[in-house]
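Engineer: below are the sequence and a predicted model for it; my questions follow.
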Amino acid sequence: MKKALFALFLLISASLFAQSELERKAQKGHVEAQYELGAKYHEEKKYKEAAMWFEKAAKQGHARSQSNLGLYHNSILQPQDPK
């Protein structure tokens, strides 16, 4: 039981470290980290945060971020007309 709990603790710690490392790189302007962070927020359905990171990467010429940002502005971030 102790080994299983320790293994779980290590997995959670590694995940939190990886996330904080990704955020650190993104905040420093690393374009691929910005894209990956945007994708992570998208998976979590945190669309405004995702759009913010896609925009930062898009401004640096990151093609996938530019594409995602275009999709966001045309669908996710626009209010839907019920008619």
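Structural biologist: Thanks, I have it.
Engineer: which SSE is residue 48 in?
Structural biologist: Using DSSP states H and E, residue 48 sits in helix 47-58.
Engineer: which strands and helices sit next to that helix?
Structural biologist: Using 3 or more CB pairs under 8 Å, 6 or more residues apart in numbering; DSSP states H and E as the contact test, the elements touching helix 47-58 are helix 31-43, helix 63-71. From N, CA and C alone the C-beta is placed, and that goes for glycine too.
Engineer: just name the most buried of those.
Structural biologist: Mean neighbour count (mean count of other CB atoms under 10 Å) peaks for helix 31-43 among the helices and strands packed on helix 47-58, with a mean of 19.
Engineer: compute the inter-axis angle for that helix and helix 47-58.
Structural biologist: 160 degrees (axes from the mean of the first three to the mean of the last three CA atoms, to 10 degrees).
Engineer: now do the helix holding residue 48: distance to the chain's middle.
Structural biologist: Centre-to-centre, helix 47-58 and its host chain are 8 Å apart (CA atoms, centre = their mean, to the nearest Å).
Engineer: relative to helix 63-71, how tilted is that helix?
Structural biologist: With the same axes, to 10 degrees as the basis, helix 47-58 and helix 63-71 are set at 140 degrees to each other.
Engineer: let me know the average pLDDT across helix 47-58.
Structural biologist: The pLDDT scores in helix 47-58 average 94.
Engineer: from the rest of the structure, what touches it?
Structural biologist: Contact with helix 47-58 is made by 26, 29, 31-32, 34-35, 37-42, 65-66, 68-69, 72-73, 76-77, as judged by CB atoms under 8 Å, 6 or more residues apart in numbering.
Engineer: same question for stretch 60-77.
Structural biologist: Contacts for stretch 60-77 (CB under 8 Å, 6+ apart): 29, 31-32, 34-35, 38-39, 42, 47-48, 50-51, 53-58.
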